[in-house]
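Q: sharing a model that was predicted from the sequence below.
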Amino acid sequence: MKLPVHLLILWLVLFNAQLCLANDININKVKAMVSSSPSLALIEIDRLIETNPNSHNLLFLKAVAQSKLGEKKLAIKTYLYLIEIFPHLPEPYNNLAVLYAEQNKLAEAKKILQKALETNSSYSIAHINLGDVYTRMASDAYRKAFELDKSPVANNKLQLINELFSYSPNMQKKYLAVPDSESNNKSDKTKLADLAFLIESWRSSWENKDLEVYFSNYSKYLKIKGEMSYKKWKKTRTEKIINKKEISIILTNIKYEYKEGFWYISMNQAYNSGNYSDNEEKTLIIINESGSFKIIEENIKS
Amino acid sequence: MIKTLISILVIIILLASNSIATEKLSTNMKLKETERLLIETADRISEGNINSALKVIKNLIKINPNFKLAHMIHGDLLLIQSHNYDQVSAETSSQFEKKISDLKLELSRRIESFNNGYKEIIQSKIKVLLAGGIKNLIFVDVKSSRLFVFNNNEGKLKYISDHYVSVGKKGYGKKFEGDKKTPIGTYFIENKITTKLPDLYGAGAYSINFPSAYDKLNNFTGSGIWIHGTPSTTYSRPPQSSDGCIVLSNQDIKMLASILNETGTPVIISDTGLENISMRDELEINTVKIEILNKIQGWKTSWEEKNIDNYLSYYSEEAKYNGDSYPEWTTHKRNVFKRTQDLQIEIEDISLFEYPGSDQELILVKFNQNYSSNLLKNDMKKQQIWSRINSEWSIIFEGGA
């Protein structure tokens, strides 16, 4: 079902407002419950859904809980329902694809991830997962080519999203605040500290020409401008850094912002290498890659 | 998997070196579906269109589900899509080095033979003259892993089809039992193997006459050199993978069944190389044929005239005759000639075949001989091998066929 655009936006505004008023506390509580006790959470979610049958947050958490309990078939059903009524949300597609991939339905997983990217082309986790699906398909092909019993490549674990972060990108800024849980509680302070540590590690390793540490701050899925491969990028960076006599980098006005599953860290970067200096407004986009923060994109404001 | 990815580069390089590939697609499209789709995949890759390359290779896999080479290229293309190939490379490439290099060799052999365009050229460059009874000729070029089928078109060869083949693990030039090599020489199909065979031999097996009488003269040993298919688990085998047999895909062996089923179909297994063959001078080839035919005529006349010295001059002194030395054999012949009267000899259905694998230029001659005298009456199929020694043609081997 596709609503006219103006209707959809209006409806979301109303819907979101109602959700915030009525269920603000409950949603966060449910989120916590899903991770601590998914079976109890499921009961609570079903109860809440009775009064909010079309809450995307509740439906999403329901699917996550079902998935955690091993009820994969039910989880798939819930995601399919979510996709039907909220076709613009990329996360259900992603998680559905992960479940398909778990069942070795790689062609289906691929299709669904491509749909996720149609709804939001810069959705990095879907990109990463799609890459992993391709790797597994390739592995399958090599198994046939080399007459093996097992796939030659260890099965990549695809990333599941456990929280619903966004609407489609342009709506998100206007109508959806950063989830409360991401900025207020204690664990988020640790997160900020980790992020600050990453930035400092990145800055100081660059300054000290400690390349091993410098590159360790980047995700292997780093989005590189132009057609350069990761290898090539690494080589050019290495040459650029190594050739400098002395490097000084001063970062000021560092701001942390969380959206769509990524941290956007903007800063003013004063660079000086003796005979050259510049001043840039830079944004580092950070992803949580299996527990540690990595730079996935580096943008300069021109 | 970087090493595997090079397999794709192989195609691109081959394509770049031969831009007329696509033009050739129109000829023999049906016969060469496999090679055509491989080239098309390469074309799409070189255009940078990985998605449509994937479509083509999937189509090829659909046609030949057990085609390992296609699976490897499919894997490469998927891996390009995944952006993970550095990681996968470390895990797999060293582990499957041999298999990867085998498949890469198969790929380059298949594509080369598709691109080089020798097939039309060599039909007029193979040194043969076919008697009417021979319907087809099979020519195997072991160096390019290719088997060519020609039709006997009034004594001249007419190209029918060509096919990828695998030969012995240790290559070619078979001398001994168990040396895992494919023989080089001119052979003939004996018969279809009708006993129930293991899956390894695929959709049919046909024996050839190795070791031939001439091979035995050279003390070559071995047995069971067949032309056969592939096991059901695979579409094709690497270029050098058999124990000496010539291996075709099951699809091809089925397609050629009627030709292979014909006892006496000549099979020239050559290590001369297609390029060398293509550079031969047709005038010289015809001269050789005429020289040999004249020699046979002269040999026959000397026999009819019982001119023993002239007759013996056609034979090489180095040749061996059923274990006898040249002097022993000539003494015997002189005795027989003396006692023979009312001699009549007819020779018909002469075929000439080049005989590869020797340092000397050899021509295998086959004909029907009707002999009648006061001592003996017999019709036989005879074969001789003529060798050009010091620019003169001499018989170095003679026997029943």
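A: Everything's here; your move. Numbers count the residues shown, from 1 in each chain, chains lettered A, B, ... in the order given.

Q: show me what from chain A comes close to chain B.
A: Counting by C-beta under 8 Å from any C-beta of the partner chain, chain A comes close to chain B at A:130-135, A:137-142, A:144-147, A:152-154, A:156, A:220-221, A:230-231. The way it works is simple: take the backbone N, C-alpha and C, and place the C-beta from them, glycine included.

Q: mind checking the SS state of the nearest residue to residue B:342 once chain neighbours are set aside?
A: Closest residue in space to residue B:342, ignoring its immediate chain neighbours: residue B:374 at 5.2 Å, by C-beta to C-beta, 6 or more residues apart in numbering or on different chains. Following DSSP: H, G, I helix; E, B strand; the rest coil, the label given to residue B:374 is coil.

Q: check contacts around whatever residue of the stretch 101-250 of chain B ends up closest to chain A.
A: Among the residues of the stretch 101-250 of chain B, residue B:103 lies closest to chain A, at 6.7 Å counting by C-beta to the nearest C-beta. For residue B:103, the contacting residues are A:145, B:7, B:68, B:69, B:72, B:238, by C-beta atoms under 8 Å, 6 or more residues apart in numbering or on different chains.

Q: roughly how far does it sit from residue B:172?
A: Residue B:103 sits 21 Å away from residue B:172, going by C-beta to C-beta, to the nearest Å.

Q: about what we covered before: which element, helix or strand, includes the residue of the stretch 101-250 of chain B closest to chain A?
A: helix B:97-116 (DSSP states H and E).

Q: okay, now the domains of the chain?
A: Defaulting to chain A. A:5-175, A:186-301 (automatic domain parsing).

Q: nope, chain B
A: B:2-116, B:119-278, B:282-400.

Q: quote the end-to-end distance of the last one.
A: Start-to-end span of domain B:282-400 (C-alpha to C-alpha, to the nearest Å) is 31 Å.

Q: re the thing from before, so can I have a markdown table of the domains of chain A showing mean neighbour count and mean pLDDT?
A: As requested, the domains of chain A are exported to a markdown table (neighbours: other C-beta atoms under 10 Å in any protein chain shown; pLDDT from 0 to 100):
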| stretch | mean neighbour count | mean pLDDT |
| --- | --- | --- |
| domain A:5-175 | 18 | 74 |
| domain A:186-301 | 15 | 84 |
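
Q: how much space separates the residue nearest the centre of chain A from residue A:271?
A: What sits nearest the mean C-alpha location of chain A, by C-alpha atoms, centre = their mean, is residue A:261, with 4.2 Å. Distance, residue A:261 to residue A:271, using C-beta to C-beta: 29 Å.

Q: nearest residue to residue A:265 in space, please, no chain neighbours.
A: Nearest to residue A:265 is residue A:284, by C-beta to C-beta, 6+ apart, at 4.7 Å.

Q: a strand runs through that neighbour, doesn't it?
A: Yes: in this structure, residue A:284 lies within a strand as judged by three-state DSSP.

Q: that one pairs with what?
A: Beta-bridge pairing for residue A:284 (DSSP bridges): residue A:265, residue A:298.

Q: that one reaches residue A:297, doesn't it?
A: Yes: shown here, residue A:284 and residue A:297 form a contact pair, counting by C-beta atoms under 8 Å, at 7.5 Å.

Q: how far off centre is stretch B:225-241?
A: Mean-position distance between stretch B:225-241 and its chain equals 15 Å (C-alpha atoms, centre = their mean, to the nearest Å).

Q: can you tell me if that stretch touches chain A.
A: Yes: residues of stretch B:225-241 contacting chain A under C-beta under 8 Å from any C-beta: B:233, B:234.

Q: buried sites along that stretch?
A: B:225-230, B:234-241 (16 or more other C-beta atoms under 10 Å in any protein chain shown).

Q: one more: stretch B:342-357?
A: B:343, B:347, B:350, B:351, B:352, B:353, B:354, B:355, B:356, B:357.

Q: hmm, back to that, adding distance to residue A:257 and mean pLDDT, write the domains of chain B out as a markdown table.
A: Below are the domains of chain B laid out as a markdown table (distance: least, C-beta to C-beta, whole Å; pLDDT from 0 to 100):
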| stretch | distance to residue A:257 | mean pLDDT |
| --- | --- | --- |
| domain B:2-116 | 27 | 72 |
| domain B:119-278 | 55 | 94 |
| domain B:282-400 | 77 | 92 |
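
Q: need those in TSV with distance to residue A:27, can you?
A: Formatted as TSV, the domains of chain B follow (distance: least, C-beta to C-beta, whole Å):
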stretch	distance to residue A:27
domain B:2-116	36
domain B:119-278	55
domain B:282-400	83
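
Q: for residue B:50, give me phi and psi.
A: Backbone torsions of residue B:50, given as degrees, to the nearest 10, read phi -70, psi -40.

Q: contacting residues for it?
A: B:44, B:77, B:80, B:81.

Q: so how far is residue B:249 from residue B:265?
A: Distance from residue B:265 to residue B:249, by C-beta to C-beta: 19 Å.

Q: quick one, what contacts residue B:266?
A: B:128, B:130, B:134, B:137, B:138, B:186, B:187, B:188, B:351, B:353.

Q: what of residue B:196?
A: Not one residue lies near residue B:196 by C-beta under 8 Å, 6+ apart.

Q: so it, which of the three states?
A: Put simply, residue B:196 is coil when judged by three-state DSSP.

Q: okay, now residue B:341: neighbour count?
A: For residue B:341, the count of nearby residues is 9 (other C-beta atoms under 10 Å in any protein chain shown).

Q: about what we covered before: residue contacts, the residue nearest to residue A:265?
A: Counted by C-beta under 8 Å, 6+ apart, residue A:284 has contacts A:199, A:202, A:264, A:265, A:267, A:295, A:297, A:298, A:299.

Q: which parts of chain A are helices?
A: Along chain A, the segments classed as helices by DSSP state H run A:5-36, A:38-51, A:56-68, A:72-85, A:90-102, A:106-119, A:124-145, A:169-175, A:186-207, A:211-216, A:230-242.

Q: can you tell me the element residue B:36 falls in?
A: Here residue B:36 is assigned to helix B:33-46, by DSSP H and E.

Q: among the contacts of residue B:103, which one sits closest to residue A:206?
A: Nearest to residue A:206 among the contacts of residue B:103, counting by C-beta to C-beta, is residue B:7 at 38.8 Å.
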